[in-house]
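# this one's sequence-less:
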């Protein structure tokens, strides 16, 4: 890079001296963004040689091509020097860089007291402070490339007279699915027309992003680019949690809604609840699968979310359904579906028997096992009998389950269980009953699926979502 090569030449020309101390550091920027070739001025103090009677600051700027895109380039260096006419320095720089840099400008300044080239340009001083952070979202969901704005404050250089916020949005392909992509960044900048920034961005991203939009805004007081978009402020609060179920049984991939509250960004004006359901194969048995998620969103048409979901899951899920709903008050997506409310109460316990003897290690007491069901569920009692061969000895086993469940056809439920367990259990028998009043499944033989059966079924759950 020509800018960097010039540093080496100038350092060789001017280093040498006595008592005077100066800062010796470099800042290189493309379109006002500092790049990695820059060096810190803090701790860069050097002692000049006796023939160096001044601290020198020189600045070079111009336009150059970076991967076919015209960018504004700037380089500023402080070091020791001689208080001669700066024209000689600039003439050498221009002669060396004129072919690769358009509209090349150069200036050199000198001062003659220790560390007099400190300026806020390098060390911060009383210069403007701005937040420096990035938010990247796909279909309004923040992704891991985002950075936190809290604690991201930076001190701008003296030539940066504004806090800058730029926003980019468009449509791009993610694994063959068209998604809405957004990036918002806050940093220090110059209150010039934002067109230059956006032109560079569009030139760089036009091939991979459709309907590309870019906007840049500036403000000129400390941390004025704080906005609730990044720091929360008084923005809307929503629950952010997920429930995944197979045949109405919640699986371990689900997350609790209690304590999941999040603060939405200012462009998220609604709490969103979307629901997906369909039929999928689990070990050759067709099961009903459901996923419900609550989070922050935009009160736009939910079709875009559902179209992406259907495109991604259509090959593995039959009869796929998707719906998205919005509400606009704090924690309005709380519903008893997630938090329980005044829903039905049922017993949730297990009895496992071997040759008609209760196996204590695999059973759990029903007394005190009451649970509150999610809305729309009933109390279930399911009994399964089977024969097992353990060490060459055949035993008659029985498992009874009491829990919450959707009210469904008993034959369909037992067909599913027989499909799952027929290879490991002989002469499998199944019965199931449903009731809809509090604790109505309190009969003498109250239970839940056995430890063996439960472990087998849970092991299958990771194959859908």
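Noted; the coordinates are in hand. From a predicted model like this one, the values you see are computed outputs, not experimental measurements.
# where does the stretch 101-250 of the chain have low pLDDT?
119-126, 192-194, 227-235 (pLDDT under 70).
# so where do the helices sit in it?
Taking DSSP state H, counting those that start in this stretch to define them, one finds helices in the stretch 101-250 of the chain at 119-123, 195-205, 227-231.
# and the closest residue in space to residue 171 that isn't next to it in sequence, how many neighbours?
Computed as Cβ to Cβ, 6 or more residues apart in numbering, the closest residue to residue 171 that is not its neighbour in sequence is residue 210, at 4.5 Å. For glycine as for every other residue, the C-beta is placed from the backbone atoms N, C-alpha and C. Residue 210: 12 surrounding residues under other Cβ atoms under 10 Å.
# these two touch, right, residue 210 and residue 170?
Yes. Between residue 210 and residue 170 there is a contact at 5.9 Å, judged by Cβ atoms under 8 Å.
# buried ones in stretch 98-109, by neighbour count?
101, 104, 106, 108-109 (16 or more other Cβ atoms under 10 Å).
# quick one: contacts of it?
The contact list for stretch 98-109 (Cβ atoms under 8 Å, 6 or more residues apart in numbering) reads 2, 56-64, 73, 81, 86, 89-90, 93-94, 97.
# chain center to that stretch, what's the gap?
Distance, stretch centre to chain centre, for stretch 98-109: 42 Å (Cα atoms, centre = their mean, to the nearest Å).
# most centrally placed residue in the chain?
Central residue of the chain (Cα atoms, centre = their mean): residue 143, 2.6 Å from the mean position.
# spit out the contact partners of that one.
Going by Cβ under 8 Å, 6+ apart, residue 143 touches 136-137.
# let's see it at 10 Å
Counting by Cβ atoms under 10 Å, 6 or more residues apart in numbering, residue 143 touches 135-137, 181.
# wasn't residue 414 part of a strand?
No. Counting by DSSP: H, G, I helix; E, B strand; the rest coil, residue 414 falls outside a strand, being helix.
# who's in contact with it?
Taking Cβ under 10 Å, 6+ apart as the test, what residue 414 contacts is 382, 384, 428-432.
# export those residues to TSV and tack on secondary structure, distance to residue 356 and pLDDT?
Listed next are the contacts of residue 414 as TSV, based on DSSP: H, G, I helix; E, B strand; the rest coil; distance: Cβ to Cβ, whole Å; pLDDT from 0 to 100:
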residue	secondary structure	distance to residue 356	pLDDT
382	strand	19	89
384	strand	15	89
428	strand	17	84
429	strand	15	88
430	strand	18	89
431	strand	17	89
432	strand	21	89
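# just the buried members of those?
Buried among these by 16+ other Cβ under 10 Å: 382, 384, 428, 430, 432.
# now, which of these sits nearest residue 415?
residue 430 (8.5 Å; Cβ to Cβ).
# do you know how far the spatially closest residue to the closest one that is not a sequence neighbour is from residue 382?
Using Cβ to Cβ, 6+ apart and skipping the chain neighbours, the partner closest in space to residue 430 is residue 414 (3.6 Å). Using Cβ to Cβ, to the nearest Å, we find residue 414 at a distance of 8 Å from residue 382.
# common neighbours of these two, please.
Common contact partners of residue 414 and residue 382 (Cβ under 10 Å, 6+ apart): 430-432.
# residue 81: how many residues sit nearby?
27.
# can you check the one 10 residues further on too?
Residue neighbour count, defined by other Cβ under 10 Å, stands at 12 for residue 91.
# from the contact counts, what lies against whichever strand or helix holds it?
Per DSSP states H and E: residue 91 is located in helix 87-97. The contact analysis (3 or more Cβ pairs under 10 Å, 6 or more residues apart in numbering; DSSP states H and E) places helix 87-97 against helix 2-14, strand 54-66, strand 69-81, strand 102-111.
# which of these has the highest mean neighbour count?
Of all those, strand 69-81 has the most neighbours on average by mean count of other Cβ atoms under 10 Å, namely a mean of 22.
# list the strands paired with that one, with their directions.
strand 25-30 (antiparallel), strand 54-66 (antiparallel) (DSSP bridges).
# now the contacts of residue 414 in CSV, with distance to residue 159?
Formatted as CSV, those follow (distance: Cβ to Cβ, whole Å):
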residue, distance to residue 159
382, 74
384, 77
428, 79
429, 83
430, 78
431, 80
432, 75
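# out of those, which is nearest to residue 150?
For these, the nearest to residue 150 is residue 382 (49.8 Å; Cβ to Cβ).
# please enumerate the strands of the stretch 301-450 of the chain.
For the stretch 301-450 of the chain, the strands defined by DSSP state E, counting those that start in this stretch cover 318-327, 345-346, 349-354, 357-358, 371-372, 378-390, 393-405, 426-435.
# tell me which of the ones you listed is the most buried.
Of the strands of the stretch 301-450 of the chain, strand 345-346 is the most buried (mean count of other Cβ under 10 Å), at a mean of 23.
# ok, and what's touching that one?
369-373, 377-381, 402-405, 435-442, 446.
# swap the cut-off to 8 Å and go again
Under Cβ under 8 Å, 6+ apart, the answer for strand 345-346 is 370-373, 377-380, 402-404, 438-441.
# adjacent strands (with direction) for that strand?
Assessed with DSSP bridges, strand 345-346 is paired to strand 371-372 (antiparallel).
# gap between the partner strand and the chain center?
In terms of Cα atoms, centre = their mean, the gap separating the centre of strand 371-372 from the centre of its chain is 33 Å.
# may I see the strands of the stretch 301-450 of the chain arranged in JSON lines, with distance to residue 263 as well?
As requested, the strands of the stretch 301-450 of the chain are exported to JSON lines (distance: least, Cβ to Cβ, whole Å):
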{"stretch": "strand 318-327", "distance to residue 263": "16"}
{"stretch": "strand 345-346", "distance to residue 263": "33"}
{"stretch": "strand 349-354", "distance to residue 263": "40"}
{"stretch": "strand 357-358", "distance to residue 263": "51"}
{"stretch": "strand 371-372", "distance to residue 263": "28"}
{"stretch": "strand 378-390", "distance to residue 263": "37"}
{"stretch": "strand 393-405", "distance to residue 263": "32"}
{"stretch": "strand 426-435", "distance to residue 263": "41"}
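# closest to residue 187 out of those strands?
strand 318-327 (32.2 Å).
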